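J.: Quick check, what structure comes out for this input:
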Amino acid sequence: MPSRSTGRPHLLPLADAAKVIGLPEDAVLGLAAAGFISRVDQGGEVHFPLSDLKAFVARNADNGSGNLFLTEPGSVDAADLLKALHGKTAQMAARAFEIFSEVFPEAADWTDAEHARFVAQAKARFEAILAVASQGAEVDEALVEDLEEVGAAAAWAGSPLPQLLVLLRISRDLVVQTAVEVADERGRHWSLPLALLLTRVLPAMDRLTDSIAQGYWSVVIGREAEQKARYEHVVEHSSDGVYEVDLNGCVQYANPQLAVILGRPLDQLIDARLGEVVTPMDGASVGPLMSEPPGGARRLELAILRPDGVRRVLEVRMTVRTEGGQAVGFQGVVRDVTAMRDLENDKNEFLALMTYDLRQPLTTMLGLGATLEAHADDLATDRIERMGAAIRRQAERISRLADDLYDISRLDANSLLLSPRRVEVVAVIESALATVERGFEVDVDAPAGLEVVADPRRLEQVIANLVENALTYGALPVQVRVAEISSDGGVEIAVIDHGTGVPSALVPSLFNRLRLIAHRERDRSKSTGLGLSLVKGLVEAMGGRVWYEQVPGEGADFRFTLPFPRR
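T.: Okay, the predicted model is just below:
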């Protein structure tokens, strides 16, 4: 490049500057006046920095992405610089590993195979960069989509984005550094190819890096959006109630299930105060649900009364909601545990009644046994017989209770064995009444010789339980009525008492397990009430059905049917 007219290698006169950029001298002065290139006035003449001229040529060679092989007279072909860089890809790859190990110290502990794989991949990366740098913008456009897919694949594979970006930055800097070293070694005639190469490599590498990052973050953002949508779906369709309140206790969010649990429309919950929609039955405050708990979480259980008058027991798990390390509200998960708590109470009640039912006959047997042991010689024979009969009846009562429990468990497991056959109803009724402790007669109205198909022991158990239930909860007289429905319909047996009957609220759950008649107000001196549940299971197992007839003013009327024998 001529520069002798100035005596300074970095400044060219106007004529030489025009030749470098290939424009008339007036155009060069116009570019300087517009600020595209710098001018230096020296000794009454206008000069231009060589670096500005080279940069202008590089920027305007086909809009900055033209052919790198454009040269100025007397300069070296840019292909020679690319060829020289291709010969140094292995060296650049080895240096890339050294730099990467400094940034990520764990790379120093890699095995030889991992080290070799990294170097091979780095060498291929440098070759690809040089290949891209030697081409036009069309190759960039084709690579952008592929590199976005590379970034997306890295995101799905869980590769950290910083490592990818560091590798690309290391590769970019090493290409630039090596190109400068080669140009310095080979003289100033390599300066223009170097400028053109760097002008092409740096924007291209930045663009490719942006493409990988864009593909990576598009997957990350898409995955976060998918996870958010999945979380929202789970919350909206959860079987538990979910809510969020601000620091003032106003509900900011509530899912549909919370509205169901509280018995209120969902739109009435939003912006309402938590204390207005959750009203504990004992008058307690909901303040603990709106105060920061120790450890960041709290679990409470409270009984509430809904607007429709239904009592519910709720378990609330509350945590603090924070943003930027500051508490901005509270969020909670509400679970309806009413059925669980009621079942637990029923079980406790059942165990208490079972204990009494066992203790009463055992106490009687213990007292009679002690009397016989101490005074057997002094007691009359008839009295000993009566005491023995009383002990037998109490033992039968315990045995029947044990049989009831065992049979219910067998019914639940569908493993109860039956021996159905033709049996005479009157005979079974008499056997059943003999096992029931009573000091009075039960009125039996049954045609002689009437037969049904049933397991005689189980039918006896059914009748005994119904009669005992009538004696326990009803009032005298107690009647057992048997009637033939039809030759095809079977036989209907009814056990009727003349008490107050069953309260209407208990009729739907009369035959349910552990649903004891008026069990919350009942006298524990009476039986467990397991008999009705067992009656239902046994009758249905023998092919019949059982029900309760509500007759106002006429006491309780329990009826069941059994199939009629066929020829």
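J.: tell me the helices in the stretch 151-300 of the chain, going along the chain?
T.: 161-186, 191-236, 256-262, 266-269, 274-277 (DSSP state H, counting those that start in this stretch).
J.: which of these has the lowest average pLDDT?
T.: For the helices of the stretch 151-300 of the chain, the weakest mean pLDDT is recorded on helix 191-236, namely a mean of 72.
J.: is it true that residue 358 touches residue 400?
T.: No. At 11.8 Å, residue 358 does not count as touching residue 400 under the criterion of C-beta atoms under 8 Å. All C-beta atoms are positioned from the backbone trio N, CA, C, and that covers glycine.
J.: In terms of neighbours, single out the busier of the two.
T.: Taking other C-beta atoms under 10 Å, residue 358 and residue 400 do not tie; residue 400 has more neighbours (17 against 14).
J.: list the buried ones in the helix or strand where that one lies?
T.: Using DSSP states H and E, residue 400 falls within helix 381-412. Judged by neighbour count using 16 or more other C-beta atoms under 10 Å, the buried positions of helix 381-412 are 387, 390-391, 393-394, 396-397, 400-401, 404, 407-408, 411.
J.: same check, this time on stretch 237-256
T.: Buried residues in stretch 237-256, counted by 16+ other C-beta under 10 Å: 240, 241, 242, 243, 244, 245, 249, 250, 251, 254, 255.
J.: Which residue in those residues has the weakest pLDDT?
T.: Within those, lowest confidence goes to residue 249 (85).
J.: For that one, give me its contacts.
T.: By C-beta atoms under 8 Å, 6 or more residues apart in numbering, the residues touching residue 249 are 273, 274, 275, 286, 290.
J.: Residue 289 too?
T.: For residue 289, counting by C-beta under 8 Å, 6+ apart, the contacting residues are 245, 274, 278, 298, 300, 316, 318, 330, 332.
J.: same thing but at 7 Å, please
T.: 274, 300, 316, 318, 330, 332 (C-beta atoms under 7 Å, 6 or more residues apart in numbering).
J.: Neighbour-wise, which one of these leads?
T.: Highest count within these by other C-beta under 10 Å belongs to residue 332, 25 neighbours.
J.: give me the element the closest residue to that residue other than its chain neighbours is part of.
T.: Once flanking residues are discounted, residue 332 sits nearest to residue 318: 4.2 Å by C-beta to C-beta, 6 or more residues apart in numbering. Using DSSP H and E, residue 318 sits in strand 311-323.
J.: which residues touch stretch 416-430?
T.: 407, 410, 444, 446, 448-456, 458-460, 463, 480, 482, 491, 541-542, 565.
J.: what helix or strand does residue 546 sit in?
T.: strand 545-550.
J.: Paired strands for that strand, with orientation please.
T.: Using DSSP bridges, strand 545-550 pairs in its sheet with strand 556-562 (antiparallel).
J.: JSON lines for the buried residues of stretch 237-256, including distance to residue 21?
T.: Shown next, in JSON lines, are the buried residues of stretch 237-256 (distance: C-beta to C-beta, whole Å):
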{"residue": "240", "distance to residue 21": "75"}
{"residue": "241", "distance to residue 21": "75"}
{"residue": "242", "distance to residue 21": "70"}
{"residue": "243", "distance to residue 21": "72"}
{"residue": "244", "distance to residue 21": "66"}
{"residue": "245", "distance to residue 21": "71"}
{"residue": "249", "distance to residue 21": "74"}
{"residue": "250", "distance to residue 21": "71"}
{"residue": "251", "distance to residue 21": "72"}
{"residue": "254", "distance to residue 21": "71"}
{"residue": "255", "distance to residue 21": "70"}
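J.: how near is residue 394 to residue 361?
T.: Between residue 394 and residue 361 the computed distance is 4 Å (C-beta to C-beta, to the nearest Å).
J.: Likewise for residue 130?
T.: Distance from residue 130 to residue 361, by C-beta to C-beta: 101 Å.
J.: Mind putting the buried residues of helix 381-412 into TSV with pLDDT and distance to residue 558?
T.: TSV is the format used below for these (pLDDT from 0 to 100; distance: C-beta to C-beta, whole Å):
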residue	pLDDT	distance to residue 558
387	89	34
390	87	28
391	88	30
393	81	24
394	84	26
396	79	22
397	77	21
400	74	18
401	77	20
404	74	16
407	77	18
408	73	18
411	74	18
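J.: where does the stretch 51-200 of the chain dip in pLDDT?
T.: 55, 58-79, 132-162, 164, 187-200 (pLDDT under 70).
J.: Weed out the non-buried ones from the contacts of stretch 416-430.
T.: For these, buried by 16+ other C-beta under 10 Å: 407, 446, 450-456, 458-460, 463, 480, 482, 491, 541-542.
J.: Among those, which lie within helices?
T.: Residues from the buried ones among the contacts of stretch 416-430 lying in helices, with DSSP state H as the criterion: 407, 456, 458, 459, 460, 463, 541.
J.: so the third one touches residue 538, yeah?
T.: The one in question is residue 458. Yes. Counting by C-beta atoms under 7 Å, residue 458 touches residue 538, with 4.9 Å between them.
J.: how far does stretch 322-330 stretch from start to finish?
T.: Chord length of stretch 322-330, first to last residue, is 8 Å (C-alpha to C-alpha, to the nearest Å).
J.: What are the contacting residues of that stretch?
T.: 244, 245, 246, 247, 252, 289, 290, 292, 318, 320, 321.
J.: Quick check: the farthest pair among those residues?
T.: 252 and 292 (17.1 Å; C-beta to C-beta).
J.: Tell me how the chain divides into domains.
T.: For the chain, the structural domains run 11-59, 78-233, 241-336, 341-409, 417-562, going by automatic domain parsing.
J.: now the end-to-end length of the third one.
T.: For domain 241-336, the separation between the terminal residues is 8 Å (C-alpha to C-alpha).
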